[in-house]
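Novice: how would this look folded up:
(2 chains)
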Amino acid sequence: MTACGASATPVPESQTLIVFAAASLTDAFTEIGIAFDAANPGISTIFNFGGSQSLQTQIEEGAPADVFASANKTQMDAVIAASLITEGTQKNFLTNKLVIILPANNPASLEKLEDLANPGIKLVLAAEEVPVGKYSLEAFDLMNGSFGIDFKDKVLANVVSNEDNVKQVVTKVQLGEADAGIVYTSDAIAAPDLKTLEIPAELNVIAKYPIAPLVNSENADIAAKFIEYVLSAEGQTILAKWGFIPVK
Amino acid sequence: MTRLQRTSHRIFRGGISKWIFILPSLILLAFFALPLFALIYRSIEPGFFANTLSRQAFQALKLSLVTSSLSTLITVVLGTPLAYLLARWKFKFKSWLELVIDLPIVLPPSVAGLALLIAFGRRGIFGAYLSEVGISIPFTTTAVIMAQLFVAAPLFIRSARIGFAHVDKQLEESAYVEGANQWQVFYEIMLPISARALASGTILTWTRALGEFGATILFAGNLEGITQTMPIAIYIGVERDLGVAMALSVVLILVSVVLLILTKKIDAEEE
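Specialist: Next up, the predicted model:
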């Protein structure tokens, strides 16, 4: 890429890659961005992290982006339906699972899943439109089978706030304002000071995250390189380190 | 005509010079007007009234009106004595007090929300004591009112203080000479004379409380019917149902326009 000596090939100006990524990818993708930039001198990757539904709306309204990494197929399909991503170019690059996080001192003394239905506890979820919020509701539907038909209703009666993205849920639990929150296992790994309550596999939801390049991207080749890096051994190792389940 | 009058006549008749004033003004005016027109234009579509009357919109509207009215009421009741104190008493550290009161006006709302959380949250500096006696403020409608109070009350206090300060001291002095006590002077002289400053301050506070978002979503959270005010419903609505968000936005614009016209009328009467 760089020219040596007195050759006439000019050094390309720093090119910027804009990646819109789900909030749950904040830590992992920041690290991937640093590694990607280091391996590709002249490229500078910047991220816009937010709830996938928020990013979807921004892209639909014309926000410039080169790559979109969503926490859910729904948001990716919506962008494809808007002809801003080509069907077939999206690839799943990780899976994620749900977990319950509790403040370190466990103020509501929650010991098992069923305790979520205890009256009076303060539960914080992500809003329904946020992927992890939707997954949480799906998990409650599954739990109805094991804990009784009104389990979901009792749990939802305990919800005190519907946050705009998953990191806000983490914050409310870290501040001790909430007794419990439902987030991804990756978020629990990124906040090791919190206690967790496992959700067994048969009651859990597998979230598949797709990634794709935007049709209107001005850096199509760099976008393709970035996606390739995410799917490569190095990228997948970084993702695994942050608690995601790699696809390879 | 005086020289000055002749000069100003020249400016307004001379073709080129007036554009120095008109052009920048047009640019700024267009910048303000276009987004508002665009929003109103786009939202007038078949589903508009259905959207404004949807359950979510109705709950948000009701909550916003109730909380902003309450916080405005509390502001007037507690803020009027404070404004009088600042206008008429002399004491040490008065300018520091004024600084503290003016601060929420310039602070970013999210900073206000964070501060409220750290003070009154469950593990907060004061909140910890409150939760020991069973009072928990975050996630409640009370928290919504507190957030609005924090960011909007200073506007009233400032307006009231200026209103009180402008009352002619001679009126007060003659009343004291006649034997009136401080309350009588306040109630019979200062209040009526500063009524318009108080009124426009109240409306300013009310509109600010209605539009409050950053501190509310951080301190009170987002739950339909309990803490989801109109601005929050609009913000969430943009990601869920653009139609509802736009309809609510238009309602908010209309309410603000009405309140601002009221303010103009009050100011006009003053002159």
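
Novice: how far away is the spatially closest residue to residue B:113 that is not a sequence neighbour from residue B:108?
Specialist: Leaving aside its sequence neighbours, residue B:113 sits nearest to residue B:218 (Cβ to Cβ, 6 or more residues apart in numbering or on different chains; 3.0 Å). From N, CA and C alone the C-beta is placed, and that goes for glycine too. From residue B:218 over to residue B:108 the distance is 11 Å, taken as Cβ to Cβ, to the nearest Å.

Novice: With neighbour numbers in mind, choose between these two.
Specialist: More crowded of residue B:218 and residue B:108, by other Cβ atoms under 10 Å in any protein chain shown: residue B:218, with 23 against 11.

Novice: Residue A:21 contacts residue A:47, doesn't it?
Specialist: Yes: between residue A:21 and residue A:47 there is a contact under Cβ atoms under 8 Å: 5.8 Å.

Novice: Wait, a strand at residue A:47?
Specialist: Yes: residue assignment for residue A:47, taken from DSSP: H, G, I helix; E, B strand; the rest coil, places it within a strand.

Novice: if I look at the residue nearest to it when sequence neighbours are not counted, how far off is chain B?
Specialist: Nearest residue to residue A:47, sequence neighbours excluded (Cβ to Cβ, 6+ apart): residue A:19, at 5.1 Å. Noted for residue A:19: a distance of 19 Å to chain B, by Cβ to the nearest Cβ, to the nearest Å.

Novice: Ok, residue A:63 next?
Specialist: On the measure of Cβ to the nearest Cβ, residue A:63 and chain B end up 13 Å apart.

Novice: hmm, back to that, overlap in contacts of residue A:21 and residue A:47?
Specialist: Each of residue A:29 lies in contact with both residue A:21 and residue A:47 under the rule Cβ atoms under 8 Å, 6 or more residues apart in numbering or on different chains.

Novice: thinking again about what came up before, pull the residues that contact the helix or strand in which the residue nearest to residue B:113 is found.
Specialist: Using DSSP states H and E, the element containing residue B:218 is helix B:214-219. For helix B:214-219, contacts defined as Cβ under 8 Å, 6+ apart pick out A:164, B:108-110, B:112-114, B:116-117, B:120-121, B:138, B:143-144, B:146-148, B:150-151, B:227, B:229, B:231-232, B:235.

Novice: Next, the buried residues of stretch B:107-122.
Specialist: In terms of neighbour count (16 or more other Cβ atoms under 10 Å in any protein chain shown), stretch B:107-122 has its buried residues at B:107, B:109, B:112, B:113, B:114, B:115, B:116, B:117, B:120, B:121, B:122.

Novice: Low-confidence regions, the chain specifically.
Specialist: Going with chain A. A:1-13, A:248 (pLDDT under 70).

Novice: Please refer instead to chain B.
Specialist: B:1, B:3-14, B:51-52, B:269-271.

Novice: Up against chain A, what does it have?
Specialist: Neighbours of chain A within chain B, by Cβ under 8 Å from any Cβ of the partner chain: B:117, B:121-123, B:136, B:138-139, B:217, B:221-224, B:227, B:235-236, B:238-240, B:242.

Novice: Quick check: nearest residue in space to the residue of chain B at minimum distance from chain A, chain neighbours excluded?
Specialist: Nearest residue of chain B to chain A: residue B:221, at 3.0 Å (Cβ to the nearest Cβ). Distances taken as Cβ to Cβ, 6+ apart put residue A:161 closest to residue B:221, at 3.0 Å, once the chain neighbours are dropped.

Novice: how close does that neighbour get to residue B:245?
Specialist: From residue A:161 to residue B:245 the distance is 19 Å (Cβ to Cβ).

Novice: One more: residue A:77?
Specialist: For residue A:77, the distance to residue B:245 - Cβ to Cβ - is 21 Å.

Novice: Tell me which of the two has more neighbours.
Specialist: Each of residue A:77 and residue B:245 has its neighbours counted (other Cβ under 10 Å); residue B:245 has more, 22 against 16.

Novice: In which helix or strand does residue B:268 reside?
Specialist: Going by DSSP H and E, residue B:268 is part of helix B:242-270.

Novice: Burial check on residue A:206, number of neighbours?
Specialist: When neighbours are defined as other Cβ under 10 Å, residue A:206 has 11 of them.

Novice: Let me know the helix or strand that the spatially closest residue to it that is not a sequence neighbour is in.
Specialist: Residue nearest to residue A:206 in three dimensions, not counting chain neighbours: residue A:95, with 5.4 Å by Cβ to Cβ, 6+ apart. If you go by DSSP H and E, residue A:95 is part of strand A:91-96.

Novice: Okay, domains of chain B per the record?
Specialist: Following the assignment in automatic domain parsing, chain B carries domains at B:1-43, B:48-270.

Novice: hey, which of those is tucked in deepest?
Specialist: domain B:48-270 (a mean of 18; mean count of other Cβ atoms under 10 Å in any protein chain shown).

Novice: Check which helices and strands the helix holding residue B:268 sits against.
Specialist: helix B:18-43, helix B:48-52, helix B:55-88, helix B:195-210, helix B:230-240 (3 or more Cβ pairs under 8 Å, 6 or more residues apart in numbering or on different chains; DSSP states H and E).

Novice: The domains of chain B: which one's closest to residue A:180?
Specialist: Counting by Cβ to Cβ, residue A:180 lies closest to domain B:48-270 out of these; the figure is 13.2 Å.

Novice: and the residue nearest to residue A:47, what element?
Specialist: strand A:15-22.

Novice: follow-up on the earlier one: can you pull the phi/psi pair for the residue of chain B closest to chain A?
Specialist: Dihedral pair for residue B:221: phi 90, psi -170, per degrees, to the nearest 10.

Novice: List the contacts of the residue nearest the centre of chain A.
Specialist: For chain A, residue A:24 is the residue whose C-alpha lies nearest the centre (Cα atoms, centre = their mean; 3.0 Å). With contact taken as Cβ under 8 Å, 6+ apart, residue A:24 is in contact with A:71, A:96, A:132, A:166, A:167, A:183, A:184, A:186, A:187.
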